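[1] show me the folded form of this:
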Amino acid sequence: MSTFLLEIVTPERKVYAENVNMVIVKGVEGELGILPNHIPLVTPLRIAPVTIKKDRAEQVVAVNGGFIEVRKDKVVILAESAELPADIDVERAQAAKQRAEQRLSGKRDEFDFRRAELSLQRAINRLDAKHRV
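    Residues are numbered from 1 along each chain as shown. Sure thing, here's the model as predicted:
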């Protein structure tokens, strides 16, 4: 089966760089499955796990927003942040989820509400990626 290079890059570091068979992401318009020789495109991503298929195995990376750029032989995910399941601290993610839920239940201005909402999405994303392993 043919492959392409997948790179997941954050402002701090390169999280992932390997040849893969397929990558599945959640864009703002819906879910996308990218195979080798996909038509070039650039689209923003939602806060959601990215599924990577390589040699009949599946991996998951928690990607917290950003963009995907698809080229003929390479796919680059430019993420605000990204974590491999082995790097995710479940207790910390659960604590962040609880804090965000508490902030959402209180009366706040719109800015605080949106920040809490995004924090909750990131925490749920981390926990989802960790539990898929």
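
[2] okay, L5: pLDDT?
    What the model reports as pLDDT for L5 is 96.

[3] which helix or strand contains it?
    Using DSSP states H and E, L5 falls within strand 4-9.

[4] what about the chain, any weak spots by pLDDT?
    For the chain, applying pLDDT under 70 flags the ranges 107-108, 133.

[5] and the residue sitting nearest the centre point of it, what does it touch?
    Centroid check for the chain by Cα atoms, centre = their mean gives V63 as the closest residue, at 1.8 Å. By Cβ atoms under 8 Å, 6 or more residues apart in numbering, the residues touching V63 are 8, 25, 45, 47-50, 77, 79, 81-82, 125. Quick note: C-beta positions are derived from backbone N, CA and C, even for glycine.

[6] just flag the most distant two among the residues you listed.
    Across these, the longest distance by Cβ to Cβ is 15.1 Å; it joins V25 and S81.

[7] where does I39 land in three-state SS?
    Here I39 is recorded as coil under DSSP: H, G, I helix; E, B strand; the rest coil.

[8] residues making contact with the longest helix along the chain?
    Across the chain, the longest stretch assigned as helix under DSSP state H is helix 110-131. Here helix 110-131 makes contact (Cβ under 8 Å, 6+ apart) with 47-49, 60-64, 81, 83, 85, 88, 90, 93-94, 96-97, 99-101, 103-104, 108.

[9] ditto for stretch 95-107
    Contacts with stretch 95-107, where a contact means Cβ under 8 Å, 6+ apart, come from 112-113, 115-117, 119-120, 122-124, 126-127.

[10] from these, list the buried ones, please.
    Among the contacts of stretch 95-107, those classed as buried by 16 or more other Cβ atoms under 10 Å are 116, 119-120, 122-124, 126-127.

[11] tell me which of the residues you listed is nearest to N19?
    The shortest approach to N19 among the buried ones among the contacts of stretch 95-107 belongs to R126, at 25.9 Å (Cβ to Cβ).
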